[in-house]
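*Asks:* heads up, no residue letters with this:
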């Protein structure tokens, strides 16, 4: 019994005590005082201990289903109500939304992956009579039904869908429970799977797969960047004129000379000599280029300047110097 109801019971007991005391005063001359006191104490004790069976204070969110001689009689509340002792009994029903936490359970997916998941149910009583008469314990029944439904639904679902389509599974569980609970006088507000726990080895594999996908994506992005760079270079190179190429060539030579390399090759001048030498001797161009390159490096190590080396090679192989084109 709640504290406020105990206070009300005490108040009723005091009223009963006054009534019994007044009645006893009339019969005192016929019954001994000790007997009257014993009867009064027994009566008060019964009233106090059994007051919750015939008196109730129902709040706004509470209802009482009343039985008379074991048969349904009425639904009452909210307010203060008196029930006939030993004739009427009642069951309290709360109309607020109830939160039922379903403990984690092991389930197996369609592709034989063992999961551990838990859920939560939100429901409330719409029909107090049906909630008492049609089901013994609607909370326990809802819990058992959802547990069975989860095993059935997840058992028909592969792991990927069980993880990616949790919202759809929640909706399905809610509809199935709602169809069942409407006979219990209960309205289902929501059914939600809260947590899905994967096996540890599977979590590790999924993390590695995710990391591999990220690396693959990064490599693809890098390749796309290089492709764009190459295409830009090709486009720019197609627009370079001969003077521009010579200028860039000289810049490259300066950078090479600044480094630690002990061998510098001048492909522009040597390529002209190699073309002439190949035509004169009937050798292949790569062979002529290699021979001139070796000669050039040998003369360069002797300390000769670039122009002197080119003239010396031209004289050695009997190659004529190209005449500059006359300007118009």
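*Replies:* Structure received. Source: prediction; values computed, not measured.
*Asks:* got a list of contacts for stretch 90-100?
*Replies:* With contact meaning CB atoms under 8 Å, 6 or more residues apart in numbering, stretch 90-100 is reached by 56, 58, 61-67, 76, 81, 83, 120-125, 128, 131-132, 139, 142-143, 189. The C-beta positions use only the backbone N, C-alpha and C, and glycine is treated the same way.
*Asks:* switch to 7 Å and redo it
*Replies:* Here stretch 90-100 makes contact (CB atoms under 7 Å, 6 or more residues apart in numbering) with 56, 61-67, 83, 120-125, 128, 131-132, 139, 142-143, 189.
*Asks:* and the residues you listed, which are buried?
*Replies:* 56, 62-67, 83, 121, 123, 125, 128, 131-132, 142-143 (16 or more other CB atoms under 10 Å).
*Asks:* just those now: which is nearest residue 316?
*Replies:* residue 121 (99.0 Å; CB to CB).
*Asks:* leaving out chain neighbours, which residue sits closest to that closest one?
*Replies:* Once flanking residues are discounted, residue 121 sits nearest to residue 100: 4.2 Å by CB to CB, 6 or more residues apart in numbering.
*Asks:* can you report phi and psi for the one you found?
*Replies:* phi -120, psi 120 (degrees, to the nearest 10).
*Asks:* what does residue 110 give?
*Replies:* For residue 110, the backbone dihedrals (degrees, to the nearest 10) come out as phi -60, psi -30.
*Asks:* burial of the closest residue to it other than its chain neighbours, as a residue count?
*Replies:* Spatially, and ignoring its direct neighbours in sequence, residue 110 is nearest to residue 158 (4.8 Å; CB to CB, 6+ apart). With neighbours defined by other CB atoms under 10 Å, the count for residue 158 comes to 14.
*Asks:* hang on, the earlier thing: among the contacts of stretch 90-100, name the ones in helices.
*Replies:* The helices in this structure, assigned by DSSP state H, contain 128, 131, 132, 139, 142, 143 from the contacts of stretch 90-100.
*Asks:* and which of these is nearest residue 42?
*Replies:* The closest of those to residue 42 turns out to be residue 132 (CB to CB; 33.3 Å).
*Asks:* contacts only, for the closest one.
*Replies:* By CB under 7 Å, 6+ apart, residue 132 lies in contact with 65, 91, 93.
*Asks:* bridged to the last one, which residues?
*Replies:* On DSSP bridges, the residues paired with residue 93 through beta bridges are residue 63.
*Asks:* looking at it now. What's its pLDDT?
*Replies:* Model confidence at residue 93, given as pLDDT, is 94.
*Asks:* now the first one
*Replies:* Residue 65 carries a pLDDT value of 95.
*Asks:* wait, it sits on residue 76?
*Replies:* No - using CB atoms under 7 Å, residue 65 is not in contact with residue 76, being 8.4 Å away.
*Asks:* could you list the domains of the chain?
*Replies:* 3-94, 98-198, 200-239, 256-316 (automatic domain parsing).
*Asks:* most packed of these?
*Replies:* Of all these, domain 98-198 carries the top mean neighbour count, a mean of 16, counting by mean count of other CB atoms under 10 Å.
*Asks:* tell me the mean pLDDT for stretch 150-164?
*Replies:* Mean per-residue pLDDT for stretch 150-164: 87.
*Asks:* ends of that stretch, what's the gap?
*Replies:* Using CA to CA, to the nearest Å, one end of stretch 150-164 lies 16 Å from the other.
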